[in-house]
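Peer 1: Model the following, please.
(chains A, B, C and D)
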Number of protein chains: 4
Amino acid sequence: MSEAAEASVPVLAGQLAAVGQRCYARGWALGTSGNFSAVISRCPFRLAISASGREKRCLHADDILTVDAFGAPVGTHRAVPSAETLLHVTIAQVRRASAILHTHSVWGTILSDVHAHGRGLNVSGYEMLKGLRGVTSHQHSEWIPILENDQDMPRLAQRVSDLLQAHEGVHGLLLRRHGLYTWGDTLEEAERHVEILEFLFETLCRSVVCGTTAGAEV
Amino acid sequence: MSEAAEASVPVLAGQLAAVGQRCYARGWALGTSGNFSAVISRCPFRLAISASGREKRCLHADDILTVDAFGAPVGTHRAVPSAETLLHVTIAQVRRASAILHTHSVWGTILSDVHAHGRGLNVSGYEMLKGLRGVTSHQHSEWIPILENDQDMPRLAQRVSDLLQAHEGVHGLLLRRHGLYTWGDTLEEAERHVEILEFLFETLCRSVVCGTTAGAEV
Amino acid sequence: MSEAAEASVPVLAGQLAAVGQRCYARGWALGTSGNFSAVISRCPFRLAISASGREKRCLHADDILTVDAFGAPVGTHRAVPSAETLLHVTIAQVRRASAILHTHSVWGTILSDVHAHGRGLNVSGYEMLKGLRGVTSHQHSEWIPILENDQDMPRLAQRVSDLLQAHEGVHGLLLRRHGLYTWGDTLEEAERHVEILEFLFETLCRSVVCGTTAGAEV
Amino acid sequence: MSEAAEASVPVLAGQLAAVGQRCYARGWALGTSGNFSAVISRCPFRLAISASGREKRCLHADDILTVDAFGAPVGTHRAVPSAETLLHVTIAQVRRASAILHTHSVWGTILSDVHAHGRGLNVSGYEMLKGLRGVTSHQHSEWIPILENDQDMPRLAQRVSDLLQAHEGVHGLLLRRHGLYTWGDTLEEAERHVEILEFLFETLCRSVVCGTTAGAEV
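Peer 2: Next up, the predicted model:
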């Protein structure tokens, strides 16, 4: 880890805390749900991640700690890293993502359930898709995979890893009745992906009410 | 009551007022609905509770008063304690809860009506359940009992007491067309329970729209 | 008008402006919809009311002017009083209300349309009803009358007057596809009535989705 | 461009940034969606417009740049103008609008899809329509045209131009699964039109749930 990178950890922690508070304000990280991380360095691998059990309403830079490639805490921080740390580490490594955000919205929870039997949903035809990295037209077809929820984190991390390698183009994934994981090359990009995918989840769910479901084809 | 505990009453009152304002902001305590309490001491029993008829938008520490084990005001505060004080006292004593929060959301009101004939609803399979004290897996099955609403507080308090003794594992209960009571070992835990249960109520109600009701089995 | 009352006009104007901003924040007074008034004196009759065409987002005390019993401006304020001033004057006089608030929410708009053929709706069984002045039990039955919308204000004011004299117990009324009028003995009470009635409108509309409409019997 | 107009550009940029942040707060400009412009001068034609790819949450006056009648940047600002700049220029010229706002809400996205086959929807009978410039009665019938979305901006701008010339009375238009364009003689009026049209979109979509669709006749 370079000195420059080390110096940026407090800044990164403050930014992650601010993202967490904004997700809470939108209702995407109620209770202690949601967790947020950003890569500090690749070699050695170091990830800044929110501590377990913190309420996102008042998430503070002090609630962010550093873990290694095995998800083990590095340094003197007394907090326990998020229970889902291994998923963050996996996404950071397989996707080479710089920031990973996990939200837990009402709409994501519902959609992950409705489309669970199809193991995902296909979203196409929406202008909002253009906010996803590399997408240049609303005619893009985005596959959002859904994994069954699991409390065995090493097993779930392996399934996330397999999934990301099988589906190189995806920008996010849903855990059933649990929520969204998305990521980006920067923390700003990852937060934009949260907003875009959560917008699409809400739009797809609400479209059912209005008699149109053309947007999501399973 | 120890001197230390007495000293903390103004702090506790300020914290309860802040919880009330946050519940109002989320739309869970409109009008004068909602009431909030925290145990000051067990012996003698003293409870800090929001006064009757206060608007939660601008709830202030001065709107919190102290009552005894019979719900009668203690001290020189001129305000009348919440009409539902006896329910708070009962929950504090039967559950040995340290904080009791009552919210009155649109979704809780609707859900308490839809499942009234079953005297409650069973919620399982949601990751969000893990935010409830002692729950470690989404496969947990949470029973949320529903009681008929009643303006006779001693009678309703007795029914709450009976219910809590019959269902030791519950984390909250609904009064029909009225709202949620939940509690915690700390005020922070009680507020987390509010957020988790209100999230689940919204999710269950909205799921109906999207054609899935698997989450709530009566 | 007593000197004491005159002195309080700037304070009243500031309070009305704050109410307007809060209604805007909740989405109950978007665009230039919504208008808000409070009685300054009964003899001579003077009413403080929001000016026509003001955006409620940034409603300011300067946007409040004074009108007489005919809805005509009093004093040197250059603004035009709200187009619906006569309705406020009528409610202030027939009901002897001290504050009259008109909101324009999505749910009120929809409900006023759904129940227009019945010229109103009956709401009963909700604890929230107890927030209405004089209601002491959820078993109360509240009739909310609905009038056809009309751009002829003297004619509409006459119909409001007739309606209020025919239904002495009502706490509010809906104009079809237009919104809610409610009032109170104080501005605080009127704002509480807005919150309670808007809560009930949202609950009744959303209940339809969840398969229960027992709350509103026409 | 007069000196007076030149002097007002920083003020205009600050106002546009504030409008963008308010639209974000309401959920009408998530991700990098939404763009906002205002005419600086007619001769030569100069338009202040939000830069491409900016997040509206923290839109700042520095994110606003100046373009000419061809949508080409004028001056030393390094940012790229919004991809949809040509649509703004077209509306500013064909309608002689002074401010053009594009929002991207869930309800607008859904409604633009539901009514796409009819190439628009007719809205009448709502009091809220009176907030649109020149409308004096709720009995007004407002046609809201819907255009198929297109990534070819010159082609889409031509279709917008044709549409505005064919339908002189419209106050806004929808791009399918994309969002709303509306405008005004002042920035304040354009923002009011956003609020009114977004209110109507939400009301129309939600009305379907409650079993009434009388408000929108295709």
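Peer 1: and the host helix or strand of A:V9, anywhere near chain C?
Peer 2: Assigned by DSSP states H and E, A:V9 belongs to helix A:3-25. No. Judged by Cβ under 8 Å from any Cβ of the partner chain, helix A:3-25 makes no contact with chain C; its nearest approach is 13.8 Å. All C-beta spots, glycine's among them, are computed from the backbone N, C-alpha and C.
Peer 1: Give me the buried positions along the helix or strand following that helix.
Peer 2: Proceeding N to C from helix A:3-25, the next assigned helix or strand is strand A:35-42, under DSSP H and E. For strand A:35-42, the neighbour count (16 or more other Cβ atoms under 10 Å in any protein chain shown) marks A:35-41 as buried.
Peer 1: Kindly indicate which of those residues lies nearest chain D.
Peer 2: Of all the buried residues of strand A:35-42, chain D sits closest to A:F36, with 16.3 Å by Cβ to the nearest Cβ.
Peer 1: Could you check how far the closest one is from A:Y24?
Peer 2: The gap separating A:F36 from A:Y24 is 11 Å, by Cβ to Cβ, to the nearest Å.
Peer 1: For the most centrally placed residue in chain A, give the beta-bridge partners.
Peer 2: In chain A, the C-alpha nearest the mean C-alpha coordinate belongs to A:Y181, at 2.7 Å (Cα atoms, centre = their mean). Per DSSP bridges, the residues bridged to A:Y181 are A:H102, A:L173.
Peer 1: Verify the contact between A:A99 and A:A190 for me.
Peer 2: Yes. Judged on Cβ atoms under 8 Å, A:A99 makes contact with A:A190 at a distance of 3.9 Å.
Peer 1: Name the residues contacting each of the two.
Peer 2: By Cβ atoms under 8 Å, 6 or more residues apart in numbering or on different chains, A:A99 and A:A190 have these common neighbours: A:183-184.
Peer 1: Pick out whichever of those two has more residues nearby.
Peer 2: Neighbours per residue (other Cβ atoms under 10 Å in any protein chain shown) separate A:A99 from A:A190, with A:A99 holding more: 28 against 24.
Peer 1: coming back round to it: who touches both of A:F36 and A:Y24?
Peer 2: A:L59.
Peer 1: before we move on, the earlier item: the residue nearest to the centre of chain A reaches A:I91, doesn't it?
Peer 2: Yes. Contact criterion Cβ under 8 Å: A:Y181 and A:I91 qualify, at 6.5 Å.
Peer 1: Next, the angle strand A:35-42 makes with the helix holding A:V9.
Peer 2: 170 degrees (axes from the mean of the first three to the mean of the last three Cα atoms, to 10 degrees).
Peer 1: near chain B, anything from helix A:3-25?
Peer 2: No. Under the criterion of Cβ under 8 Å from any Cβ, helix A:3-25 makes no contact with chain B; the nearest approach is 9.2 Å.
Peer 1: hang on, A:Q139 packs against A:S124?
Peer 2: Yes. Between A:Q139 and A:S124 there is a contact under Cβ under 8 Å: 6.8 Å.
Peer 1: With neighbour numbers in mind, choose between those two.
Peer 2: Set side by side, A:Q139 and A:S124 show more neighbours around A:S124, with 17 against 12, by other Cβ under 10 Å.
Peer 1: Doesn't A:A97 lie inside a strand?
Peer 2: No. Under DSSP: H, G, I helix; E, B strand; the rest coil, A:A97 sits outside any strand and is assigned coil.
Peer 1: That one and chain B: what is the separation?
Peer 2: Counting by Cβ to the nearest Cβ, to the nearest Å, the gap from A:A97 to chain B is 22 Å.
Peer 1: The closest residue in space to that residue that isn't next to it in sequence: helix or strand, and which one exactly?
Peer 2: Excluding the flanking residues, the one nearest A:A97 by Cβ to Cβ, 6 or more residues apart in numbering or on different chains is A:W183, at 3.5 Å. Element membership for A:W183 (DSSP H and E) is strand A:179-184.
Peer 1: Strand A:35-42 and that strand, what's the angle between them?
Peer 2: For strand A:179-184 against strand A:35-42, the angle by the same axes, to 10 degrees is 30 degrees.
Peer 1: for strand A:179-184, what is the average pLDDT?
Peer 2: Taken as a whole, strand A:179-184 carries a mean pLDDT of 98.
Peer 1: That one packs against which elements?
Peer 2: helix A:85-94, strand A:99-103, helix A:106-114, strand A:172-175, helix A:187-209 (3 or more Cβ pairs under 8 Å, 6 or more residues apart in numbering or on different chains; DSSP states H and E).
Peer 1: Please identify which of those is closest to C:G20.
Peer 2: Closest of the helices and strands packed on strand A:179-184 to C:G20 is helix A:187-209, at 28.8 Å (criterion: Cβ to Cβ).
Peer 1: Summarise which helices and strands the closest one is packed against.
Peer 2: For helix A:187-209, the elements it packs on are helix A:3-25, strand A:99-103, helix A:106-114, strand A:120-124, strand A:179-184, helix B:187-209, helix D:106-114, helix D:187-209, judged by 3+ Cβ pairs under 8 Å, 6+ apart.
Peer 1: just flag whichever of those has the lowest average confidence.
Peer 2: For the helices and strands packed on helix A:187-209, where the average pLDDT is lowest is helix A:3-25, sitting at a mean of 85.
Peer 1: Please compute how far it lies from its chain's middle.
Peer 2: Its chain's C-alpha centre lies 15 Å from the corresponding centre of helix A:3-25 when counted by Cα atoms, centre = their mean, to the nearest Å.
Peer 1: Stretch A:76-95 now?
Peer 2: On Cα atoms, centre = their mean, the centre of stretch A:76-95 falls 12 Å from the chain's centre.
Peer 1: Need the CA coordinates for that stretch. CSV is fine.
Peer 2: What follows is stretch A:76-95, C-alpha atoms only, in CSV (Å, rounded to 0.1, in the frame of the first residue of the first chain):
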residue,chain,number,x,y,z
THR,A,76,-6.4,-1.8,15.3
HIS,A,77,-10.1,-1.0,14.6
ARG,A,78,-12.1,-2.9,17.2
ALA,A,79,-15.3,-3.3,15.1
VAL,A,80,-16.4,-6.4,13.3
PRO,A,81,-16.6,-6.1,9.5
SER,A,82,-19.9,-6.6,7.8
ALA,A,83,-21.1,-10.2,7.7
GLU,A,84,-21.2,-9.9,4.0
THR,A,85,-17.6,-8.8,3.6
LEU,A,86,-16.6,-11.8,1.6
LEU,A,87,-19.1,-10.8,-1.1
HIS,A,88,-17.5,-7.4,-1.4
VAL,A,89,-14.0,-8.9,-1.6
THR,A,90,-15.2,-11.3,-4.3
ILE,A,91,-16.8,-8.5,-6.4
ALA,A,92,-13.7,-6.3,-5.9
GLN,A,93,-11.5,-9.0,-7.2
VAL,A,94,-13.5,-10.8,-9.9
ARG,A,95,-14.9,-7.5,-11.4
